[in-house]
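Participant: structure, please.
(2 chains)
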Amino acid sequence: MRIRSHPIIDFKKRKELPFSFEKKKIVGEDGDTIASALHAAGVRTLTTSLKFDSPRGFFCGIGKCSSCLMRVNGIPNVRTCIAPLKEGIIVEMQEKLASLPDAEFVGESKKTLTVDVLVVGAGPAGLCAALESATQGASVLLVDENQCVGGQLVKQTHKFFGSKQERAGTRGIDIAKELEIDVQKLQQERKIQVMTDATVIGYYESEKKHRFGVVQRCEYESTLYDVRADAAILACGAMENMLLFPGNDLPGVYGAGAVQTLMNVYGVKPGERVLMVGAGNVGLIVSYQLLQAGIAVDRVVEAAPVIGGYNVHAAKLRRCGVPIQTSHSIKEVCGDKKVEGAVVVRLDEHWKPIKDSEEYIKCDTICLAVGLTPSTRLLSQIGVQHEFIPEAGGYVALHDETMQTSVKGVYVAGDASGIEEASTAMIEGKIAGLAAAIQLGCSKNKKLLTHYREELSQLRAGPFGEKPRIAKQKIAKMEQKHHAPI
Amino acid sequence: MRQYEKNGILSAKDLQIPSEKHLQKGVAILECVQEIPCNPCVESCPVHAISMKDINAPPVNDFEKCIGCTKCVGVCPGLAIFVVKVTGKKALVTLPYEFVPVPHGGDTVKALDRTGAVRCDALVKKVIKQGKTMVITIEIDSDLAMEIRNIRI
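Facilitator: The predicted structure follows:
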């Protein structure tokens, strides 16, 4: 199940890490998460559903769903898809409602950290926001749930579009490295503190500054930080949408991004034959990357009458012989405890299934690339004004053109502010980072802010930028109605 | 609705097709017809043959200026540029390739068209590494020069 030969990524053999799963010895590799090591060893069922005991497997791969909660060294509800694998740990499947362990929770008392700017999420938007704020002279704390910074860039093996000046033609994985190096430089100069494997658990009452609780995990032990910041930039990203059909929770049904994480970050094959659902850019790009990892793609089905992603991505797949069927969707997934096949069906002009058009496909993996929903839970808890904007992917925080929300000093950037591309997320991050620095009096460079905004509108000017353009126009309109900074 | 929006396959009517004279000289075919914000091909061209009105406009190749140098092939993030040079009954097609294993010069590989169908055998003439993208030149019969767009080993 390990990918050893790949055209873009050099998957070297890494140090072996033995651990125990359900009293059996399993060997993972250094750099694995618990779930990727289990997957590589052929373990597909990670948990069972609360009501019907249905087996559940890896779905989102980025710590946002609850399909992979297990007990690790006696601690229940560990999100094994983002928890780093360590040698000798004991991993068990947990009973439905995990019992509270008998462990001691009295550790060190909480530590207080005071910074100018807290950035939540170290993906393209968060990294750029942190870099921008710190470059302008603000002290920055950057927090991310994963083991490393980069967010979803770390699995983007394709070359990015955009303008040559803004890293177009560079692969996402290389952009992540470049940004990480930039952050490391500022870390050495003590302008940025980075906390990985850490979660912002909530927003708390405070008289002056914004106050957050942050839990940093280390070897499965946690430290609680009381973080006080004058400004907070929330770049929490998004999570993949689920689609309703019988069998959608069988192990082997994944979010397309999860498959990308498994194969491009951990070098683990999701399966041998894939049905891709959705022909937007994510579906098309991940399909191609599956082929690059030596995995067969049976076909791509798309419910809409046209391919949503760029033709250049569709053309790459077609010339490899992968069919793309528009006006087609998945009807059900077949299999006992795991995916063994799927039924696809043709849709009429009203998107209704056409009778007797069903076709059975033999496959062991279903990838859902049916859109994303902004992660706004922390923003909601802060009390930021939200609106449901379909073009943005769901509920999003209203924000002004500097990315500031309805709460003064709280900014949003990237997918959390409306689903879009990494290239625009990076610019939004810069805008939020700079605007926060200006607000705190660290910078006066309003000209640069205008420049970033121009860049952003240029990237959104084409037909593929229509959806985010409409989303941002709606946000601006509603924001003017609601905006009342406190 | 254009056919390629349904099936992903471009046809001659979607593309800027070079004349016979230009094909004999060897020119880049830009199989990028939609308005997407992207411009590395323009920047890569040493003779400024490739241009676009703005970053969203599809690129246009001035076949008079183009020298068929293949620099743009490995640069295009969409892997959508091919260089075709026709000499008598044979043609050289240069294409981007991002799979393993990588073929060597002198190998015989299968040549595929835009639908992925195997149309003929091809002789690998040259393999250049541009970053992680392989830029591969194959030789095929000239009548398939505007159809062959991929290889399989």
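
Participant: put the alpha carbons of the lengthiest strand in chain B into CSV.
Facilitator: Of all the elements of type strand in chain B, the one with the most residues (DSSP state E) is strand B:118-130. Listed in CSV are the C-alpha atoms of strand B:118-130, where the atom choice follows Å, rounded to 0.1, in the frame of the first residue of the first chain:
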residue,chain,number,x,y,z
VAL,B,118,-3.4,4.4,-28.7
ARG,B,119,-3.0,5.4,-32.3
CYS,B,120,0.5,4.3,-33.2
ASP,B,121,4.0,3.6,-31.9
ALA,B,122,6.4,6.5,-31.4
LEU,B,123,10.2,6.7,-31.2
VAL,B,124,11.5,8.8,-28.3
LYS,B,125,14.0,11.3,-29.7
LYS,B,126,14.8,13.5,-26.7
VAL,B,127,14.0,13.7,-23.0
ILE,B,128,14.7,16.9,-21.1
LYS,B,129,14.0,17.5,-17.4
GLN,B,130,12.4,20.8,-16.6
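
Participant: the very next helix or strand once past that strand: which residues count as buried?
Facilitator: Sequence-wise, the next helix or strand downstream of strand B:118-130 (DSSP states H and E) is strand B:133-141. Residues of strand B:133-141 classed as buried by neighbour count (16 or more other Cβ atoms under 10 Å in any protein chain shown): B:133-140. For every residue, glycine as well, the C-beta is placed using N, CA and C.

Participant: so which of those also contact chain A?
Facilitator: Restricting these to those near chain A by Cβ under 8 Å from any Cβ of the partner chain leaves B:133-134.

Participant: strands paired with the longest strand of chain B, and their directions?
Facilitator: strand B:108-113 (antiparallel), strand B:133-141 (antiparallel) (DSSP bridges).

Participant: nearest to A:K96, of those strands?
Facilitator: For the strands paired with strand B:118-130, the distance to A:K96 is smallest for strand B:133-141, at 48.8 Å, taking Cβ to Cβ.

Participant: any low-confidence regions in chain A?
Facilitator: Scanning chain A with the threshold set as pLDDT under 70 gives A:103-108, A:219-220, A:482-486.

Participant: looking at it, which strand is longest?
Facilitator: strand A:221-234.

Participant: just checking, what packs against it?
Facilitator: strand A:111-120, helix A:124-135, strand A:198-204, strand A:210-218, helix A:377-382, strand A:410-412, helix A:422-439 (3 or more Cβ pairs under 8 Å, 6 or more residues apart in numbering or on different chains; DSSP states H and E).

Participant: which SSE is the closest residue to A:D116 other than its chain neighbours in?
Facilitator: Nearest non-adjacent residue to A:D116, counting by Cβ to Cβ, 6 or more residues apart in numbering or on different chains: A:A138, 3.9 Å away. Under DSSP H and E, no helix or strand contains A:A138.

Participant: which residues sit against stretch B:47-66?
Facilitator: Residues from elsewhere that reach stretch B:47-66 (Cβ atoms under 8 Å, 6 or more residues apart in numbering or on different chains): A:162-163, A:458-459, A:461-463, A:465, B:16, B:18-19, B:22, B:25, B:27-30, B:32-39, B:41-42, B:44-45, B:67, B:69, B:72.

Participant: distance of the closest residue to A:D182 other than its chain neighbours from A:Y452?
Facilitator: Of all residues not flanking A:D182 in the chain, A:L131 sits nearest, at 5.5 Å (Cβ to Cβ, 6+ apart). Distance, A:L131 to A:Y452, using Cβ to Cβ, to the nearest Å: 13 Å.

Participant: and for the two, which residues touch both?
Facilitator: Shared contacts of A:L131 and A:Y452 (Cβ under 8 Å, 6+ apart): A:K430.

Participant: would you list the phi and psi of A:L347?
Facilitator: Main-chain dihedrals, A:L347, degrees, to the nearest 10: phi -110, psi 150.

Participant: so who does A:V78 touch?
Facilitator: Taking Cβ under 8 Å, 6+ apart, we find A:V78 in contact with A:34, A:69-72, A:220.

Participant: neighbouring strands - and their directions - for the host helix or strand of it?
Facilitator: Here A:V78 sits within strand A:75-79, counting by DSSP H and E. Strand pairing for strand A:75-79, determined by DSSP bridges: strand A:69-72 (antiparallel).

Participant: what are the ranges of the helices in the chain?
Facilitator: Unless you meant another one, I'm taking chain A. With DSSP state H as the criterion, chain A has helices at A:34-40, A:124-135, A:172-188, A:256-264, A:281-292, A:311-318, A:377-382, A:422-439, A:446-459, A:466-482.

Participant: can you look at chain B instead?
Facilitator: Going by DSSP H, chain B shows helices at B:3-7, B:20-25, B:40-44.

Participant: just name the most buried of these.
Facilitator: Highest mean neighbour count among those (mean count of other Cβ atoms under 10 Å in any protein chain shown): helix B:40-44, with a mean of 21.

Participant: quick one, which of the contacts of stretch B:47-66 are buried?
Facilitator: A:162-163, A:458-459, A:461-462, A:465, B:18, B:22, B:25, B:27-30, B:32-39, B:41-42, B:44-45, B:69, B:72.

Participant: in stretch B:146-153, what counts as buried?
Facilitator: Neighbour-count burial for stretch B:146-153 flags B:146-151 (criterion: 16+ other Cβ under 10 Å).

Participant: among the residues you listed, which are within reach of chain A?
Facilitator: By Cβ under 8 Å from any Cβ, the members of the buried residues of stretch B:146-153 lying near chain A are B:149-150.

Participant: which one of the buried residues of stretch B:146-153 sits closest to chain A?
Facilitator: Chain A lies nearest to B:N150 out of these, by Cβ to the nearest Cβ, at 4.1 Å.
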